[in-house]
Every structure is written in structure tokens, then in C-alpha cells.
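>>> predicted model and sequence below, questions to follow.
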Amino acid sequence: MSALHPFDPYQVFQAAAKRYADRIALRISEREWTYGELETHAAAIAGWCERNTPAEARIAVFGKKEVAAYAGILGILRSGRSYVPLHPDHPPVRWRSVLEQSGAAACIMPSSIGSDIAEELRIPILNDWSNEVHVPPIPGTEAYVMFTSGSTGGPKGVPVPRHNVAAYLEHMLTRYSFTAEDRFSQLFALTFDLSVHDLFVCWGSGACLCVPEDDSALRMSGYVEANAISSWFSVPSLAALMRSMRSLRTGALPSLKHSFFCGEVLSWEVANSWREAASNSIVVNLYGPTEATIAITEFELSQANEQASGTVPLGRVFGKNKAKCVPDTEPNEGELWLSGPQVTEGYLGRPEETANAFKQLTGGNERWYATGDRVRVDASGILHFIGRTDEQVKVLGHRVEPAEVDALLAPLVSPGNVLTLPVTLVGITRLVTFIDIEMDTAPLMEHLRANLPAYMVPEWIACVGAFPTTAHGKLDRATLISKVIDEQI
């Protein structure tokens, strides 16, 4: 392991396992596993990977939140390979796209998963490692591949090196005062890169990772209380839902010491309500695209910067990373570009998209990722989010290209037109699809559910006749969205 960064994800887990072998590392509902038990599982899974897959291969992990997924991630990393998570609720066509693009050599899944699903994956399956021979840790270069929505009608993969993850972990584990007594939430799907924070910031601290049986907003306050959660991490929309359900009453979350939010814009209204409910906690707004490894900027809220409305700033980049506002027509405003040890190399098998997003400035040697996010830089150097330079939106923290929805529906709607737009109601962003011809929309929804993750399926499909246009003949998106809002009010 000497070749690895000291904050390599498996290295930080192994160090904790040596020091805290008998402490609880993972709690799923009422079941618990110690660090020693998890390391034993990981060593066995690593042994199987070493004997049955090529060196530094990619291995899929079926992301159902059972011990097999967590041990699988650890075992894959221990073997020097990288993991590719599969969301258990995604349609099989999505799984196959991810597996084909990543070239995954095998898949680790719980024994509880039926043979029909295993057959859908069409690659070797490991679901019993009880008799496997353990192998020592092997250095590796890639940590994982995460897939995000693509505008061309399918997911695109972002390979993330282990040293990128190590740079993030180094900041988090030295910047914040986590201890082995902490208890971390684990709310993100394992296909969402923010879950990497949950796992390895927790295990890098020797703490306990608590996975809820029910992650609905209605149950969250009870989950925090029952598990004495001290470190929370979620998308802002979950906090907004809890607020709308009146779960954020003053002092409702006293066990929290750290509260992190990422993946969406955080409003001051929600942030201030959270601070009232979690009065013993610091609240930190994080920002970072998958291409910049989990999160790359932070803004810690305080009474001094409290506001009544608007959105919480993105803050400043941390560690050795750099940010640049590439100006357009407005001073101190423009597209946010990122560079540094957390920025990845590009997209899997997509050289044109890589070239469009990863750039070098004239006369410079640094490689920059153009985020597509418009920001403003204030006099203190704080970054403030303004909006997107393209059509990408966030739905429950997930990046979504509405064009991917349109690409699936266009052949079924022809000769009509289709347009999917984000609509925000009660602080939650949803997708709504509009078509300009009258037709039965039920088959369209069935087609979308069979091909897309649930968060990408529109709330509904509206037949609106001819699309409205502005006085200049451009599509009037505001009028389309107002139709939806009027129906809901």
C-alpha cells in the first residue's frame, strides 16, 4: 500500500479497521457490522476479483443497500480495481448501457437478488464469497465510474481516479472535526457520487454509517433521532420537503454536529429553518459536478451571513483546486471553470464531449473543466450561482439533460414535436413534457419508465396543441411552464 496516497479511499478504511476493529462500521436498519467484519468481507471479495477478473478491471456493484454492496465496493477497491454502481430501480436497458460502456468484467450483488435480474446483466456474478481466499490490498489507479444523463439519448460515464477521491478526503478529514463517536447518514444512492462522501468520510473517521430502511422525507426526523445521527448529508430538496412537512421545528434535530448539503441550489429559507432545527450543528453548502469529484467548493453558514431570501453562495474552492470565472458580457460574471487535483480527465469513450468540456487556456499548461454553470464572484471572492449556460437541470440532486427524454419520445411523437422542461413547485424541481399533437400519453409514459431512471421520468405529459411563441417567433417556454403552475395552484 506504500504506493497509495495516504488518503486513498481503501487506505483510510483499512487504517480505521486496524484501529477500531470491534467498533460498528455499518448499520442497515437493525443489522450491524464491525470494521473487522467488513474488512473480512472485503478481503474475500478482493480474492475473487483477483482470480476471476483482469488487473485494474471495472467491476459492477448492484447498488441495493445491503451489506453486499458496501463490502463489494471495499473489496473491489482492495483488489486494485474500480467499481461501477448499478441502481437497483433503474430499468434493465439502463444497466446494460452502463455495463457495455464501462466494460465491467463482473458484478457483485446480494444473494437475495433473483436469478432473473442476474441473467439481465449478462456478465459473471459474485453473490457468495464465504469460501474465497483472502488477498492483501493491491494498489489501483481508478476508484469508480459514475454515469450521468447525456443529451444524446443515453448516460455518459465519468471515470474518477483514486487520487482525485484522496484529494477530497484529505480536505474533509482534516478540515472538519469528525471522530469515531460520530454516526453518519447514508441517504444517497450508491450511483450518486455524493455517496462516496458518506462512505469514506465516515469510515476514514472510524465512525458508524447508518443506512435507513425508509429514506422518505416523512421518516427522516425519526431516523436522525433513532440513530443519533451526528453528521448529515443530503440534497437541499429533501430538507425542503421536511420543512414543508413541518419536521424542522426548533430544536428537532439536536444530535447533529455537521450538516452538509450538495447537488442543488440551497435556499436561505431552507437553510435557516435547518439551522433552527439543528441548533448544535454547523451547516455547510457544498458544490461540485461529478467531473470535479464529489464537491470542490464550500460555504459555511453563520449568523453573520444569514439572509431571509435568495440562495446560499457556492463559496470558495478548497484544497489545491482552482476556480476561474470566464467572463462574457458582464464584469465578474461568467462560466465557472475548475482545475486542480480533483478534476477528472474526461468522459468514457466520448472524445468530442471531452474536448468540449475540458480545455486549456491560451498559453497555459493547466487543464480546466468548463462546468456550464454561470456564477458571479463578489468582492470577497465568494462564488454565487446564477444559472446554467445550457439546458441541464437538477432533479433531486441528479443532473438531467431534458434532451435525453425528448430523444426517446421523438420517434413516437413524430410528426409532432416534444419538449421537456423543468417546473419548480414548493421548492422542488420536476420535469414536465409537452407535445403539440393530441394522442394517448400512457404508452409514452410506459416507454419512458422502461428506459429511464425514475427521477428522469416526467411528472406528466401535456398535450398543448401548437407551442406558444414570443413576439419574435421564439418558443415561449415561460408560457408553457405557467400553464402547469396554474393547474397546480
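Okay, I see it.
>>> where in the stretch 51-200 of the chain is pLDDT low?
Within the stretch 51-200 of the chain, the ranges that satisfy pLDDT under 70 run 150-153.
>>> centroid residue for the chain?
residue 192 (3.0 Å; C-alpha atoms, centre = their mean).
>>> wait, isn't that residue in contact with residue 398?
Yes - in this structure, residue 192 is within contact of residue 398 by C-beta atoms under 8 Å, at 6.9 Å. From N, CA and C alone the C-beta is placed, and that goes for glycine too.
>>> shared neighbours, these two?
Here residue 192 and residue 398 have residue 263 as joint contacts, going by C-beta atoms under 8 Å, 6 or more residues apart in numbering.
>>> returning to that earlier point: that's a helix at the residue nearest to the centre of the chain, yeah?
No - when DSSP: H, G, I helix; E, B strand; the rest coil is applied, residue 192 is found to be coil, with no helix at that position.
>>> quick one: contacts for it?
So residue 192 contacts 146, 263, 397-398 (C-beta under 8 Å, 6+ apart).
>>> what about it, distance to residue 455?
Between residue 192 and residue 455 the computed distance is 10 Å (C-beta to C-beta, to the nearest Å).
>>> joint contacts of these two?
Residues touching both residue 192 and residue 455 by C-beta under 8 Å, 6+ apart: residue 398.
>>> then stretch 43-63 to CSV, C-alphas only?
Extracted in CSV, the C-alpha atoms of stretch 43-63 (Å, rounded to 0.1, in the frame of the first residue of the first chain):
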residue,chain,number,x,y,z
ALA,A,43,-10.6,-9.3,1.6
ALA,A,44,-12.7,-12.3,0.4
ILE,A,45,-14.3,-10.3,-2.4
ALA,A,46,-10.9,-8.9,-3.4
GLY,A,47,-9.6,-12.5,-3.6
TRP,A,48,-12.4,-13.5,-6.0
CYS,A,49,-11.8,-10.3,-8.1
GLU,A,50,-8.1,-11.1,-8.3
ARG,A,51,-8.6,-14.7,-9.5
ASN,A,52,-11.5,-14.0,-11.9
THR,A,53,-11.0,-10.6,-13.5
PRO,A,54,-8.1,-8.8,-15.2
ALA,A,55,-5.9,-6.5,-13.2
GLU,A,56,-7.5,-3.0,-12.8
ALA,A,57,-10.7,-4.2,-14.3
ARG,A,58,-14.0,-2.4,-13.7
ILE,A,59,-16.5,-4.4,-11.6
ALA,A,60,-20.2,-3.6,-11.3
VAL,A,61,-21.9,-3.4,-7.9
PHE,A,62,-25.6,-3.9,-7.7
GLY,A,63,-26.5,-0.9,-5.6
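>>> distance from that stretch to the middle of the chain?
23 Å (C-alpha atoms, centre = their mean, to the nearest Å).
>>> who's in contact with the closest residue in space to residue 354 that isn't next to it in sequence?
Excluding the flanking residues, the one nearest residue 354 by C-beta to C-beta, 6 or more residues apart in numbering is residue 346, at 3.3 Å. Contact analysis of residue 346 by C-beta under 8 Å, 6+ apart lists 353-354, 357-358.
>>> residue 346 looks like it's in a strand, true?
No - according to three-state DSSP, residue 346 belongs to no strand; its state is coil.
>>> do you know the pLDDT at it?
We have a pLDDT of 96 for residue 346.
>>> now do residue 329
Looking at residue 329, its pLDDT stands at 66.
>>> what does residue 489 give?
Residue 489 is given a pLDDT of 42.
>>> bridged to residue 284, which residues?
Residue 284 forms beta bridges with residue 260, residue 300, as assigned by DSSP bridges.
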